[in-house]
Each structure stands twice: as structure tokens, then as C-alpha cells.
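> all I have is the shape, not the residue letters:
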């Protein structure tokens, strides 16, 4: 049971890192970025390239984040900026962009499955159980992301501007907030977090051009259930991610992969606004 509990927590940690980037974009722009999965893939391949160049992971992770953030900033400036008032078109555009990025990755790296060596190897003895040291490190990574995210939103001028845009964009503009800049930076940060998550996933999974897609639906449903709240997102990741691990372990891995989507759909049917305003 301890193994299952640890698997649940580490899975929740990965889900949180991926979903937090989607959450900040949705909170500010009120659109769902379906290119998010492609940015996860971009981060994974950035990690692959970085490790092949012999870079330490202390540089690989910032490289992945910077690559994703740059792609996100370019996407916002050239595509998304024109679609703020057309959310359905924005969804279709970002979905199409994700497909294009996937094809470009395939052209550059090929379709073959590749692997990245974990920066932390071995196991840690936890209450008599030998458990992967790298998966434990994922928990620390999620905590760091949560603390940094919270600090950014509550302790910086950008965070204040972001919260102002989320609450009332027209009023924020009247007070001198450059909402275009806030949107650009926010989209870049969300994309960077997706790429960072992709880099962190690589030692646990194979790297291929479509690796980000299985995570997209789960992240999307978790953001919907959270109602735009970061603390609620963390709780949702723990609860629904834990259910996914339990179903995968005791019932069927395929059904386990559907658990988050099914449970989130039930929650949203009962409470369409999610749990943040419960």
C-alpha cells in the first residue's frame, strides 16, 4: 500500500506541474491552450538534446523551460493575440499548432522512441520500502513550482498585474496595466511550465513526438475541476491522480488512464463551476 500511495503522490506531482501552466493561461486569457501538449513534447526533446550535449540537469531544466517559454511567446504574439475574442477559434488554432509542432519534431528527430537517463538514480529507503529516488524528487519539484507560482502571483508587480487582469481586465487597463504584455508573459510562463514538465517526465517515460498528448486531457479536466484556483488544482491532482493510480493498479491500466476524465466529467456535471467556489 505504501508503494501505491507514493505512486499516487508522485503522479499527482507531475500532473500539477503540467496543469499549472495550463491553469495560468486559462485564468488570464480564458482560453484553453491545446498546444500545451506540444510544449510538453518540446520540453522533452530539449532535455534529450541537452543530455546528449553532456549538459548537467541544472542546465537542462532551465533550457527546457526557456525553449518552451520562447515557443509560447512566439505563439501568443503571432497567433493567439488575434483570437482573444474568439475562444473557439483559439482552441482550434492552438490544436492545429500542436499538430504542426508534432510534425516538425518528427521531421527533425524521427518517429523512433528515445530515452533519457535519470539525473538521480537508485532508491531511497522509506519505512522499509526501496522507492525510486527520482520519483521522490518529482514531489520536491512540484512543491518548488507551487511556491514559485504563489510567490510570483502574490509578491511581484507582474503577479499583481496578472491578478488585476484576471479579475477585471478593463479596469486594470484603466489603471495603467498593459494587458497585452501580461498576456504575452503569462502565455510564455504557461508554455515554459509545460516544457519543464516534459523534461521532468523524460526519465520516467519514452520520448516520442506524441508523448504530450496523453497528459493534455488529464490536465484540461483538472483545470476545469479546479475552477481556476491553484490550491484547488493541487488537491484535485492528489485526489484524481490517486484514483488513477488505484484504478490502474487494481482494475486495468486503460481504465486508469480514463479515470481523471470520467471523474472530472461527473464533478462538472454536478458543479459546472468546479470546486474553487464551493
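Thanks, I have the structure now. Bear in mind that the values here come from a model prediction, so they are computed numbers and not experimental data. Numbering: from 1, shown residues only.

> not counting its neighbours along the chain, what's nearest residue 44?
Distances taken as Cβ to Cβ, 6 or more residues apart in numbering put residue 198 closest to residue 44, at 3.9 Å, once the chain neighbours are dropped. Quick note: C-beta positions are derived from backbone N, CA and C, even for glycine.

> the one you found and residue 63: what is the separation?
To residue 63, residue 198 is 12 Å away according to Cβ to Cβ, to the nearest Å.

> now do the contacts for residue 32.
Residue 32 makes contact with 22, 26, 87, 90, 91, 94, 220, 223 under the criterion Cβ atoms under 8 Å, 6 or more residues apart in numbering.

> which pLDDT does the model give it?
For residue 32, the model assigns a pLDDT of 78.

> name the helix or strand for it, please.
Using DSSP states H and E, no element contains residue 32; it sits outside every helix and strand.

> next up, phi/psi of it, please.
In this entry, residue 32 is assigned phi and psi values of phi -100, psi 120 (degrees, to the nearest 10).

> what of the one 3 residues further on?
Backbone torsions of residue 35, given as degrees, to the nearest 10, read phi -90, psi 0.

> that one touches residue 97, doesn't it?
Yes: counting by Cβ atoms under 8 Å, residue 97 is a contact partner of residue 35 at 4.5 Å.

> look at those two and report which has more neighbours.
Ranked by neighbour count (other Cβ atoms under 10 Å), residue 35 and residue 97 place residue 35 first, with 29 against 20.

> model confidence over the longest helix anywhere in the chain, on average?
If you go by DSSP state H, the chain has its longest helix at helix 2-29. Average pLDDT, helix 2-29: 84.

> following that helix, which helix or strand shows up next?
Next along from helix 2-29, by DSSP H and E: helix 36-52.

> I'd like the next helix or strand past that next one.
Past helix 36-52, the next helix or strand by DSSP H and E is helix 57-78.

> mind listing what's buried in that next one?
Residues 57, 60-69, 71-73, 75-76 are the ones in helix 57-78 that count as buried (16 or more other Cβ atoms under 10 Å).

> report the distance from the strand or helix carrying residue 100 to the chain centre.
Residue 100 belongs to helix 87-109 when assigned by DSSP H and E. Computed by Cα atoms, centre = their mean, to the nearest Å, the separation of helix 87-109 from the middle of its chain amounts to 17 Å.

> now residue 150: how far from residue 219?
Where residue 219 is concerned, residue 150 sits at a distance of 19 Å (Cβ to Cβ).

> those two: who's more crowded?
Comparing residue 150 with residue 219 by other Cβ under 10 Å, the one with more neighbours is residue 219, at 29 against 13.

> test my guess that the more buried one contacts residue 22.
Yes: taking Cβ under 8 Å as the definition, residue 219 is a contact partner of residue 22 at 5.1 Å.

> mutual contacts of the two, please.
residue 36.

> returning to that earlier point: which residues do residue 198 and residue 63 both contact?
46, 47.

> can you list the weak-confidence ranges in the protein?
28-29, 155, 158-160, 163-169, 171-173, 175, 276-278 (pLDDT under 70).

> run the last query once more with 50
In the predicted model of the chain, residues 278 satisfy pLDDT under 50.

> returning to that earlier point: and which of the buried residues of helix 57-78 is nearest to residue 50?
residue 60 (3.9 Å; Cβ to Cβ).

> surely that closest one touches residue 48?
No: in this structure residue 60 lies outside contact range of residue 48 using Cβ under 8 Å: 9.3 Å.

> could I get the full set of helices for the stretch 101-250 of the chain?
133-155, 157-167, 169-174, 179-201, 213-226, 230-250 (DSSP state H, counting those that start in this stretch).

> so for residue 43, which of those helices sits nearest?
Comparing the helices of the stretch 101-250 of the chain under Cβ to Cβ, the one sitting nearest is helix 179-201, at 2.9 Å.
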